[in-house]
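Student: Structure for the following, please:
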Amino acid sequence: MKRMFNQLRETFDFDDDSDSLTWEENEDTLLLWEDFTNCNPSIDLQGEQEENLGNLIHETESFFKTRDKEYQETIGQIELELATAKSDMNRHLHEYMEMCSMKRGLDV
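Tutor: Presented below is the predicted three-dimensional model:
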């Protein structure tokens, strides 16, 4: 535990007045709360982050709504083309059947 504390002290250049600090021992770690002042973001940063996240969520929802609308339009166009192709195929089938009928009549 002392080795970890010394390693943290060397890494983060802590002050040596650790007697006055509040600490909590958790298994093999020694947490010195006052030494980690930069770890707690200020309320302004949290509000800004929340606002940024809110904007990002709004932009993402807007993007997906736009994309969904485009997909629905594309699906509508494909369905229309499919219906047209089906109608054309049905017409061609009837024309072919008529031609086969005429051919049989001519063969006889």
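Student: From here on, just use CA atoms for contacts and neighbour counts.
Tutor: Noted.
Student: Show me the strands in the chain, by range?
Tutor: Remark: strands of the chain, listed N- to C-terminal, are 23-26, 29-32; assignment by DSSP state E.
Student: pLDDT of the last one, averaged?
Tutor: So that's strand 29-32. Taken as a whole, strand 29-32 has an average pLDDT of 58.
Student: pLDDT below threshold where in this structure?
Tutor: For the chain, applying pLDDT under 70 flags the ranges 1-45.
Student: Could you rerun that using 90?
Tutor: Across the chain, the ranges flagged by pLDDT under 90 are 1-55, 107-108.
Student: which residue ranges form the helices in it?
Tutor: In the chain, helices defined by DSSP state H lie at 2-12, 43-107, listed in chain order.
Student: outside of stretch 72-89, which residues touch it?
Tutor: Counting by CA atoms under 8 Å, 6 or more residues apart in numbering, stretch 72-89 makes contact with no residue outside itself.
Student: which parts of that stretch are buried?
Tutor: Of the residues in stretch 72-89, none is buried under the neighbour-count criterion (16 or more other CA atoms under 10 Å).
Student: May I have that stretch exported as PDB, CA atoms only?
Tutor: Coordinates of the C-alpha atoms in stretch 72-89 are reproduced here as PDB (Å, rounded to 0.1, in the frame of the first residue of the first chain):
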ATOM      1  CA  GLN A  72     -39.700   5.500 -46.600                       C
ATOM      2  CA  GLU A  73     -39.600   7.600 -49.800                       C
ATOM      3  CA  THR A  74     -37.200   5.100 -51.400                       C
ATOM      4  CA  ILE A  75     -39.400   2.200 -50.300                       C
ATOM      5  CA  GLY A  76     -42.500   4.000 -51.800                       C
ATOM      6  CA  GLN A  77     -40.700   4.400 -55.100                       C
ATOM      7  CA  ILE A  78     -39.500   0.800 -55.100                       C
ATOM      8  CA  GLU A  79     -43.100  -0.400 -54.300                       C
ATOM      9  CA  LEU A  80     -44.400   1.800 -57.200                       C
ATOM     10  CA  GLU A  81     -41.800   0.400 -59.600                       C
ATOM     11  CA  LEU A  82     -42.600  -3.100 -58.500                       C
ATOM     12  CA  ALA A  83     -46.300  -2.600 -59.000                       C
ATOM     13  CA  THR A  84     -45.600  -1.200 -62.500                       C
ATOM     14  CA  ALA A  85     -43.300  -4.100 -63.300                       C
ATOM     15  CA  LYS A  86     -45.900  -6.600 -62.100                       C
ATOM     16  CA  SER A  87     -48.500  -5.000 -64.200                       C
ATOM     17  CA  ASP A  88     -46.200  -5.000 -67.300                       C
ATOM     18  CA  MET A  89     -45.400  -8.700 -66.700                       C
END
